[in-house]
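In: structure here, sequence nowhere to be found:
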Ligand SMILES: C[S@@+](CC[C@H](N)C(=O)[O-])C[C@H]1O[C@@H](n2cnc3c(N)ncnc32)[C@H](O)[C@@H]1O
């Protein structure tokens, strides 16, 4: 994984650091010497192996597993899929599923490049999952409208502004300038006709995981297929 990330950094030519500074902010005194390059990955991807991310995905995999049945593979579209940890967790649970990963910054050739702020979706899915991605999206309502119109269920996680307990500056530093409150997220879901079927708080109460049923497509009913 470390190698894969390093390759990605190099490929993207990501964010070489500005000149080194002393701790008091004065320029460093290493003039003439070549500084080691410090490169950062976007979207906090460098932290993607963190136990809290895995635990969050584990909760989502459990909710999706409830929707699966043995006869027909459940079709999952995972938006902002990152390292596809959801896929691995569903396999470990022996869920019968067909997985497509979408991401603005694919980490693997199997992942389709997709920007939740701009792109439109083809096809239809049983479940659209959005784990840790809505925090980076400019227009959450637009993104949820797009994916829910083509999915029977939506599983999402969200680090709501009122749950996270961070200052605005800290949010900006994390790359989450548009965090909204949980009540605002619930209002969006209601406007889009998404009905909440399950909700779980994770990450010491900082994030909510929601399983919602979409109004657009009929609920999955294996006996009617
Ligand atoms: C915090 S990571 C979460 C990754 C993964 N879902 C997980 O839980 O481990 C956010 C992911 O969303 C992707 N992302 C950020 N903005 C996006 C956008 N506008 N459209 C699609 N993907 C986006 C990033 O590339 C990154 O892989």
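Out: That came through fine. Quantities reported herein were computed from a predicted structural model and do not represent experimental measurements.
In: how distant is stretch 126-134 from the center of its chain?
Out: From the chain centre to the centre of stretch 126-134 is a distance of 6 Å (Cα atoms, centre = their mean, to the nearest Å).
In: do stretch 84-100 as well
Out: For stretch 84-100, the distance to the chain centre is 15 Å (Cα atoms, centre = their mean).
In: do stretch 57-69 as well
Out: For stretch 57-69, the distance to the chain centre is 16 Å (Cα atoms, centre = their mean).
In: which SS class is residue 43?
Out: What DSSP: H, G, I helix; E, B strand; the rest coil gives for residue 43 is helix.
In: which residues does it contact?
Out: 80, 82, 104-105, 136, 175 (Cβ atoms under 8 Å, 6 or more residues apart in numbering). For every residue, glycine as well, the C-beta is placed using N, CA and C.
In: swap in residue 64?
Out: Applying Cβ under 8 Å, 6+ apart, the residues near residue 64 are 74, 76, 86, 90, 95, 97, 127, 129, 155.
In: select from those the one having the most neighbours.
Out: Counting neighbours by other Cβ atoms under 10 Å, residue 129 leads the contacts of residue 64 with 31 neighbours.
In: returning to that earlier point: what's the lowest-pLDDT member of the contacts of residue 43?
Out: By pLDDT, residue 175 ranks lowest within the contacts of residue 43, coming in at 89.
In: quick check: the gap between that one and residue 135.
Out: In this view, residue 175 and residue 135 are 8 Å apart by Cβ to Cβ, to the nearest Å.
In: which bits of the protein sit near the ligand?
Out: Contact residues, the chain versus the ligand (Cβ under 6 Å from any ligand atom): 43-45, 48, 53, 57, 79-82, 85, 103-105, 114-117, 131-133, 136-137.
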